[in-house]
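Trainee: mind looking at a prediction? Sequence and model below.
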There are 2 protein chains.
Amino acid sequence: MSPRPSLTESRRQDILAAASAAIAERGLCETRIADIADNIGASPALILYYFPSKAALLTEALIYQDQLFHESVKDELEGAHNAVEKLAVLIEASCPRPSRTKGATDGWTLWPAAWEMSRHDLSLAAARARLDEAWRAQIAGIVDEGIASGEFRAVNSAEFAIQLAAMLDGLAIEVMLGDPTVDADRMRDLANGFLDLALKTTVSDTT
Amino acid sequence: MSPRPSLTESRRQDILAAASAAIAERGLCETRIADIADNIGASPALILYYFPSKAALLTEALIYQDQLFHESVKDELEGAHNAVEKLAVLIEASCPRPSRTKGATDGWTLWPAAWEMSRHDLSLAAARARLDEAWRAQIAGIVDEGIASGEFRAVNSAEFAIQLAAMLDGLAIEVMLGDPTVDADRMRDLANGFLDLALKTTVSDTT
DNA sequence: GCTCATCCTGAACGGCGGTTCAGCGTACCG
DNA sequence: CGGTACGCTGAACCGCCGTTCAGGATGAGC
């Protein structure tokens, strides 16, 4: 049917990545189509060739980057063999580091933009809610696994997941904005502190 | 601290409030000078009469609203007489409710916008960092007070303050965005749960 | 070679919206 | 009652940027 192999899908992803990078660099409001085009060395018209409008592209880009982050975390989880290590991976992935992976835009940079935009973009809001729920379910699953293996004491894993996810978000904001009192290392320590408090069986508990 | 507001000063505050309302309603990127002017029934030119540019106005508006939030919380703290009640006030104030105070824009609505803008606006970033540090210091102070009075067990109040502030931010985001699994009531319960876990002396501790 | 779909672009368009400015009313003051 | 400073506006300006479109290039199939 088509005299030429369609490469639209890979090209679309290039543009989504370029858009993410532009948002991360220039900010959501200041990002122009020309910036996105520059990032892949193309003309502004190309962007509108693959996406119906700038607004649609931005929402798709934020969704795309969100998915990338969760998938990369899922990959990193492969190396962990017990619940404690797995939670450590999640925490580490949530800590904004200068450049964890080369080239790729770090997901947390775009979170404020995604939150701001979710307030008025229904599709982005839905995608964000779905991914966040999956993120918390992942935490809860690991906790349940740790409870079963005896690594953790019995807790309400669903509630803990919401609490940990929220704390990680809040801490990540501070780190990302360069708060002088909380950097990435401190963030990890504080998250681990909460984790120990909530999950570890207190030795002095029984007498 | 603040001298008697002159005529221009009160007008400036009107505009700042109008700008905050516009951002809350239309979103940071979609807010135009005309929207702000409409909110106070004035002409767009008036806005530029009191502020040098749109960008400067937006940063000032976000700073202003942030200050208002912290001051209103400080007022609400007057009614609390012990550490437990004071922390309850802080938590309650952090929960996004449909309309806690009539007319005024609820502060948490603007947080994502402030975070997004702080990434590139130095003055906003500085103000935000200062207010956040004050917020955590307030929490830590209350905790120290509770420790002294025997309400709480001895903990590192500074670390706890960062953790609680972060968790409140993260939970507030979910509530504000209408996450189906965490509304304002659930947020309060989860925050209180962390508070109990971290601060309350466990009754079953001694036997 | 010819045809045709796909990929991409330069250039132009259109209007939106921030900014400017000359000037009008009004209150205060001598 | 003139003068003046202030508060405010309507209207115009203008640059920017999202969007459109006609058409050029490229490569697959025949």
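Mentor: Great, that's in hand.
Trainee: got a list of contacts for the strand or helix carrying A:Ile47?
Mentor: Using DSSP states H and E, A:Ile47 sits in helix A:44-50. Outside helix A:44-50, the residues within contact range by CB atoms under 8 Å, 6 or more residues apart in numbering or on different chains are A:Thr8, A:Arg11, A:Arg12, A:Ile15, A:Ile33, A:Ala34, A:Ile36, A:Ala37, A:Lys54, A:Leu57. For glycine as for every other residue, the C-beta is placed from the backbone atoms N, C-alpha and C.
Trainee: for burial, what's the neighbour tally of A:Pro44?
Mentor: For A:Pro44, the neighbour count with other CB atoms under 10 Å in any protein chain shown is 15.
Trainee: same thing with A:Asp14?
Mentor: Neighbours of A:Asp14 under the rule other CB under 10 Å: 16.
Trainee: grab the nearest non-local neighbour of it.
Mentor: A:Ile40 (5.5 Å; CB to CB, 6 or more residues apart in numbering or on different chains).
Trainee: what's near enough to touch A:Gly178?
Mentor: B:Ala125, B:Ala129.
Trainee: would you mind measuring from it to A:Gly107?
Mentor: 18 Å (CB to CB, to the nearest Å).
Trainee: sorry, back to before: the next helix or strand after the helix holding A:Ile47 packs against which elements?
Mentor: Per DSSP H and E, the first helix or strand lying C-terminal to helix A:44-50 is helix A:54-76. Counting contacts by 3 or more CB pairs under 8 Å, 6 or more residues apart in numbering or on different chains; DSSP states H and E, helix A:54-76 packs against helix A:8-26, helix A:44-50, helix A:83-94, helix A:111-118, helix A:122-149.
Trainee: redo that, cut-off 7 Å
Mentor: helix A:8-26, helix A:83-94, helix A:111-118, helix A:122-149 (3 or more CB pairs under 7 Å, 6 or more residues apart in numbering or on different chains; DSSP states H and E).
Trainee: is chain B contacted by the shortest one?
Mentor: So that's helix A:111-118. Yes - with CB under 7 Å from any CB of the partner chain as the criterion, chain B is reached by helix A:111-118 at A:Pro112, A:Ala113, A:Trp115, A:Glu116, A:Ser118.
Trainee: report the buried residues of that helix.
Mentor: A:Trp111, A:Pro112, A:Ala113, A:Ala114, A:Trp115, A:Glu116, A:Met117, A:Ser118 (16 or more other CB atoms under 10 Å in any protein chain shown).
Trainee: just send those residues back as a markdown table, with distance to DNA strand C and pLDDT too.
Mentor: Shown next, in a markdown table, are these (distance: CB to the nearest atom of the strand, whole Å; pLDDT from 0 to 100):
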| residue | distance to DNA strand C | pLDDT |
| --- | --- | --- |
| A:Trp111 | 25 | 97 |
| A:Pro112 | 21 | 97 |
| A:Ala113 | 19 | 98 |
| A:Ala114 | 22 | 98 |
| A:Trp115 | 22 | 98 |
| A:Glu116 | 16 | 98 |
| A:Met117 | 17 | 98 |
| A:Ser118 | 21 | 97 |
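Trainee: give me the secondary structure label for A:Phe152.
Mentor: coil (DSSP: H, G, I helix; E, B strand; the rest coil).
Trainee: give me phi/psi at it?
Mentor: As for A:Phe152, its main-chain torsions (degrees, to the nearest 10) stand at phi -120, psi 160.
Trainee: just the C-alphas of stretch A:173-182, formatted as CSV.
Mentor: Only the C-alpha atoms of stretch A:173-182 are listed here, as CSV (Å, rounded to 0.1, in the frame of the first residue of the first chain):
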residue,chain,number,x,y,z
ILE,A,173,10.8,19.6,44.4
GLU,A,174,13.1,21.1,47.0
VAL,A,175,16.2,19.3,45.5
MET,A,176,15.3,20.3,41.9
LEU,A,177,14.8,24.0,42.9
GLY,A,178,18.2,24.0,44.6
ASP,A,179,17.0,24.4,48.1
PRO,A,180,20.2,25.0,50.2
THR,A,181,19.1,22.8,53.1
VAL,A,182,18.1,19.7,51.1
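Trainee: what mean pLDDT does it have?
Mentor: What stretch A:173-182 shows for mean pLDDT is 96.
Trainee: buried ones in it?
Mentor: A:Ile173, A:Glu174, A:Val175, A:Met176, A:Leu177, A:Asp179, A:Val182.
Trainee: quick one: terminal-to-terminal distance for stretch A:179-187?
Mentor: 11 Å (CA to CA, to the nearest Å).
Trainee: that stretch close to chain B?
Mentor: Yes - counting by CB under 7 Å from any CB, chain B has neighbours in stretch A:179-187: A:Asp179, A:Pro180, A:Thr181, A:Val182.
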